[in-house]
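> I would like to see how this sequence folds:
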Amino acid sequence: MSRPVSGNRDLFGGGGEGRRGTGHRGGPAGRGEPDPATPLAARMRPRTLDEFRGQTKVVGPDGPLRAMIEGGRVSSFILWGPPGCGKTTLARLVAAGANAAFVSFSAVTEGVARVREIIAEARTRHRATGRGTILFCDEIHRFNKAQQDAFLPAVEAGEVVLIGATTENPSFEVVRPLLSRAPVVVLEPLSSSELAAVLRDALSDRERGLDALGVQVPEDVVARIAEAADGDARRALGVLELAVELAGGAGATLTLKVVENAIQRRFAVYDKSGDQHYDHISALHKSVRGGDADATLYWLGRMLDAGEDPMYIARRLVRMAVEDIGLADPGALSVAVAARDAFRFLGSPEGELAVAQAAVYLAGSPKSNRLYKGWGKALARARETPGEAVPPHLRNAPTQLMKDLGHGRDYLYDPDQPGGVSRQQYLPASLAGEEYYRPGKVGWEAELGQRLAEWRRKRR
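Have a look, this model is predicted:
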């Protein structure tokens, strides 16, 4: 287990801010004069819990992160949530409660060599000053499994405290040894009321926000921006800033017409590493899930034409095949993997047709998330009952001693039984009769469901 980093609030002295900007001249966020050229969302980054909006489950009176922030004792964890929900801000606020160096690292732009460099610096810092190091890894899911392993020795030894941030499900994107040392903290999209509060904060803040401009923003305009932002505070502030610019700046009054124009302009630009990246892949995923082949091709075309990495799309198609289609059409996984391999072989632009073919195939496939749900239930049950012994008849018996101890005794070989099914149980006795996977009634899964139901009946 990582040793906690504790102490007073002298976080930034001597520790540095890694390689990322702060939105302020003369030092870290919350110090110095705000730079007006910095985007509004960066200038309005909360500096204290009192300024933070949303995530009451984790920063409320009984929230785990509030305890860390107020207690100054930090251990490794992973922040999982959608864009603009406060992951980076919370990492900074947690770090601000500890007497430690805070180093920010992006898995998008930097690699394992930089991780090793940070860890080496952390060791030197601890030997020289006794201060610990908090390593904030943004977009940790962009590291593959082997790259993530680079964190493990330092986290295990307590040489750094790791705070990871990801928009992807850590169960699939973060290696299990790291998850066992850095528990997941789940963050939610901000509600419309929370986003409205964020917008009002920006409009009333004279130092960092827009109060000095004297802009008039009616409540219905605030509500429209909050609604359009879809839970993303960064997006909401971006729309507000652009709307003020379109309205003429100082002294302007924002109208719904101006705001709609700002929404359209802001969302028309595709940023491969920002909001539009996630919006477009969401639109593609939902079009596939909804069985709309035309919309699937349209959003795929938008992404590829904007320069999105086809291999990223191919990986997402593989996930759709197992999460949304599953055993309703087992061939969907083969098609998605084949499209990935075809693109690797052909490259652009020819290989993009293979990706398009797979996307349309998935859109036209019957859908079932029964396996996805069943796997979740079974995994949760397995974690709840790690001490359940393997029933004796299912145990391995490669030696005579193990056979004498009863391993494998009374095991029935199913293919030799009448109907190919024995009456023996395969779950531990305390779990006998529990069902985790319940097949759907479409596609190949319907046939599978009938077969499994008959086998369950015979076993009982």
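> which regions of the stretch 251-400 of the chain lie under the pLDDT threshold?
266-276 (pLDDT under 70).
> mind listing the helices for it?
256-268, 275-289, 293-305, 310-320, 331-346, 350-363, 370-384, 400-404 (DSSP state H, counting those that start in this stretch).
> Can I get those helices in TSV including distance to Gln216 and mean neighbour count?
Quick note: C-beta positions are derived from backbone N, CA and C, even for glycine. Below are these laid out as TSV (distance: least, CB to CB, whole Å; neighbours: other CB atoms under 10 Å):
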stretch	distance to Gln216	mean neighbour count
helix 256-268	12	16
helix 275-289	27	19
helix 293-305	36	17
helix 310-320	42	19
helix 331-346	51	18
helix 350-363	46	20
helix 370-384	49	14
helix 400-404	81	11
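> any chance of those helices in JSON lines, plus distance to Asp50?
Output for those, formatted as JSON lines (distance: least, CB to CB, whole Å):
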{"stretch": "helix 256-268", "distance to Asp50": "28"}
{"stretch": "helix 275-289", "distance to Asp50": "27"}
{"stretch": "helix 293-305", "distance to Asp50": "40"}
{"stretch": "helix 310-320", "distance to Asp50": "38"}
{"stretch": "helix 331-346", "distance to Asp50": "47"}
{"stretch": "helix 350-363", "distance to Asp50": "46"}
{"stretch": "helix 370-384", "distance to Asp50": "37"}
{"stretch": "helix 400-404", "distance to Asp50": "63"}
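> Ok, which of those helices comes nearest Gly72?
helix 370-384 (31.1 Å; CB to CB).
> what comes into contact with that closest one?
Applying CB atoms under 8 Å, 6 or more residues apart in numbering, the contact partners of helix 370-384 are 322-324, 326-327, 431, 434, 436-440, 445.
> Check the offset of it from the chain's centre.
Relative to the mean C-alpha coordinate of its chain, helix 370-384 is positioned 19 Å out (CA atoms, centre = their mean, to the nearest Å).
> Just give the nearest non-adjacent residue to Leu412, would you?
Of all residues beyond its chain neighbours, the one nearest Leu412 is Ser422 (3.8 Å), with distances taken as CB to CB, 6 or more residues apart in numbering.
> How about the contacts made by the one you found?
Ser422 sits next to Leu412, Tyr413, Asp414, Arg459 when contact means CB under 8 Å, 6+ apart.
> quick one: contacts for the last one?
By CB under 8 Å, 6+ apart, the contact list for Arg459 reads Val421, Ser422, Arg423, Gln424, Gln425.
> give me the number of residues near the closest residue to Ser192 other than its chain neighbours?
Nearest residue to Ser192, sequence neighbours excluded (CB to CB, 6+ apart): Ala226, at 4.5 Å. Number of residues near Ala226 (other CB atoms under 10 Å) recorded here: 25.
> mind checking which helix or strand Ala226 is in?
helix 219-228 (DSSP states H and E).
> Convert the C-alpha atoms of the next helix or strand along the chain from that helix to CSV, please.
Remark: after helix 219-228, the chain's next helix or strand is helix 233-247, criterion DSSP H and E. Output of helix 233-247 as CSV, limited to C-alpha atoms (Å, rounded to 0.1, in the frame of the first residue of the first chain):
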residue,chain,number,x,y,z
ALA,A,233,-18.6,22.5,-17.3
ARG,A,234,-15.7,23.2,-19.7
ARG,A,235,-18.1,23.1,-22.6
ALA,A,236,-20.6,25.4,-20.9
LEU,A,237,-18.0,28.0,-20.2
GLY,A,238,-16.7,27.7,-23.7
VAL,A,239,-20.2,28.4,-25.1
LEU,A,240,-20.7,31.4,-22.8
GLU,A,241,-17.3,32.9,-23.7
LEU,A,242,-18.0,32.5,-27.5
ALA,A,243,-21.5,33.9,-27.1
VAL,A,244,-20.2,37.0,-25.3
GLU,A,245,-17.7,37.5,-28.2
LEU,A,246,-20.4,37.1,-30.8
ALA,A,247,-22.7,39.5,-29.0
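> what does helix 233-247 contact?
Counting by CB under 8 Å, 6+ apart, 39-41, 44, 53-54, 83-86, 190, 194-195, 198-199, 202-203, 210, 213, 215, 217, 221, 225-226, 228-229, 252-255, 258-259, 261-263, 265-266, 275 sit against helix 233-247.
> from the residues you listed, which would you call buried?
40-41, 44, 53-54, 83-86, 190, 194-195, 198-199, 202-203, 210, 215, 217, 221, 225-226, 228-229, 252, 254-255, 258-259, 262-263, 266, 275 (16 or more other CB atoms under 10 Å).
> Next, the contact list for Val355, please.
Leu300, Leu304, Pro310, Ile313, Ala314, Leu317, Ala339, Arg340, Phe343.
> For Ile134, state which of those is nearest.
The closest of those, once distances to Ile134 are taken by CB to CB, is Ile313, at 34.2 Å.
> mind checking how far the closest one is from Arg319?
The gap separating Ile313 from Arg319 is 11 Å, by CB to CB, to the nearest Å.
> for Ala228, same thing?
27 Å.
> How about Gly81?
18 Å.
> And for Gly449?
Distance from Gly449 to Arg319, by CB to CB: 23 Å.
> and if you look at Ala358?
For Ala358 relative to Arg319 (CB to CB), the value is 12 Å.
> ok, which stretches of the stretch 1-150 of the chain are strands?
24-25, 33-34, 77-80, 100-106, 132-138 (DSSP state E, counting those that start in this stretch).
> quick one: contacts of the third one?
The reference is to strand 77-80. Identification of contacts with strand 77-80 by CB under 8 Å, 6+ apart yields 87, 90-91, 140, 163-170, 174, 178-179, 182-187.
> List the buried residues for it?
Result for strand 77-80 [16+ other CB under 10 Å]: buried residues Phe77, Ile78, Leu79, Trp80.
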